[in-house]
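Colleague: Everything below, folded, please.
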Amino acid sequence: MRRREFVTLLSGAAAWPMVAHSQQSAMPVIGYLGSSSFERSARTSLPNFKRGLAETGYVEDRSVTIEYRWADDHYERLPALAVELVKRRVAVLVAAGSPTALPAKAATTVIPTVFMVGSDPVELGLVASFNRPGGNLTGVAYLNAEVAPKRLELLHEFVPAAKSIALLVNPANPHAAEAQANELKASVRALGLQLTLVKASNAIEIEEAFSVLVRDRVDALQIGVDPLFGNHIDQLVALAKRQKVPTIYPWREFTAAGGLMNYGSSIPDAYRQVGIYTGQILKGAQPRDLPVQQPIKLQLVLNLKAAKAIGVEFPAKLLAFADEVIE
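Modeller: Just a heads-up that it's a prediction; the model follows:
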């Protein structure tokens with residue numbers, strides 16, 4: 001080999017790590033604000049978010065970097081964590097779950113933000129309208145709070161003799177808690193029921209909430225929409241089974257884990273859509289041009305084994321209406 005060629009080759013080899021590092025540092029950065037923890041989200045929401053992101057051509061650590069901030073169910077930490085990500089000057093901010101949306105909005109009016117909420121984003125002040133968000137935010141609204149009255153009807157269909165029903169909410173997420181309670185008021189009156197509001201913002205308080213249900217002899221329970229409850233599926237299902245409290249949940253994941261029944265939209269699909277929107281924004285789309293997505297279908301899933309465990313059978317009407325029956 002000629003000396004000039006050798007020197008050129010050596011120089012190129014020496015420069016390669018610098019070029020590679022430059023290409024890596026040039027990858028866009030997504031800021032991911034989560035109300036839960038990485039460990040729990042890695043088993044549930046994150047794979048679906050990354051699946052949607054990959055559909056637009058972005059793969060973590062290969063074509064995009066994701067900077068995470070986790071509140072570990074301490075929602076009061078979210079505003080400061082959102083500010084941290086904004087200071088990091090991320091290309092897109094992802095607000096993963098209802099409690100994260102308002103802190104994300106408060107942290108920046110410039111960085112494109114993709115949210116996922118279980119309530120009306122217009123009423124929350126996140127967007128101007130579903131079709132024309134109008135600012136730097138857009139996302140997915142699975143509107144599980146708005147179907148709370150339907151859940152109540154389905155639960156009443158299962159236990160028509162019930163006189164008192166409880167709603168479990170997280171007081172650390174006041175907007176969602178209040179919205180769900182308000183949605184139920186008219187339905188409770190129409191069905192002649194007494195509504196008890198029970199609150200829990202951690203695992204210990206969830207245990208205490210079930211003690212209140214037993215003490216007050218509540219006939220049935222509706223689990224409210226909140227990421228915290230999604231992080232404690234096994235605990236909630238086990239407590240409902242132990243106390244033999246007929247319970248309806250918002251998501252299929254509860255019923256698949258042994259819960260009695262659920263009615264609501266698909267959370268995995270919602271996270272996938274958040275990933276798709278994030279990728280589209282990285283490619284140049286503007287949040288104001290991306291309508292807020294809503295679920296196309298709500299599903300009723302019943303668990304026959306869970307019903308048998310509390311000594312009650314599903315009425316034929318519910319079985320006929322169900323989208324899925326788990327045996």
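Colleague: Wait, Val312 touches Leu155, no?
Modeller: No. Judged on C-beta atoms under 8 Å, Val312 makes no contact with Leu155 at a distance of 11.7 Å. Where C-beta positions appear, they are placed from N, C-alpha and C, glycine not excepted.
Colleague: list residues touching both of those two?
Modeller: Pro246 (C-beta atoms under 8 Å, 6 or more residues apart in numbering).
Colleague: Give me the domain ranges for this structure.
Modeller: Annotated domains of the chain cover 3-143+267-289, 148-264+298-326 [automatic domain parsing].
Colleague: Flag whichever of the ones you listed has the least confidence on average.
Modeller: Among those, domain 3-143+267-289 carries the lowest mean pLDDT, at a mean of 88.
Colleague: chain center to that domain, what's the gap?
Modeller: The chain centroid and the centroid of domain 3-143+267-289 are separated by 15 Å under C-alpha atoms, centre = their mean, to the nearest Å.
Colleague: Val312 and Leu155: which is more packed in?
Modeller: Leu155 (24 against 14; other C-beta atoms under 10 Å).
Colleague: how close does that one get to Glu205?
Modeller: 22 Å (C-beta to C-beta, to the nearest Å).
Colleague: Equivalent analysis for Lys241, please.
Modeller: Look at Lys241 and Glu205: by C-beta to C-beta, they are 19 Å apart.
Colleague: And for Ala148?
Modeller: For Ala148 relative to Glu205 (C-beta to C-beta), the value is 21 Å.
Colleague: cool, Leu193 as well?
Modeller: According to C-beta to C-beta, Leu193 stands 24 Å off from Glu205.
Colleague: can you list contacts of stretch 36-48?
Modeller: 34, 68, 70-73, 96-97, 227, 230-231, 253, 267-269, 271-272, 275.
Colleague: cool, and stretch 51-70?
Modeller: 27-38, 41, 50, 81-82, 84-85, 88, 90, 271-280, 282-283.
Colleague: Please apply the same query to stretch 164-174.
Modeller: Taking C-beta under 8 Å, 6+ apart as the rule, stretch 164-174 contacts 75-76, 98-99, 148, 152, 155-156, 176-177, 180-181, 184, 188, 193-201, 206, 209, 213, 216-224, 226, 228-229.
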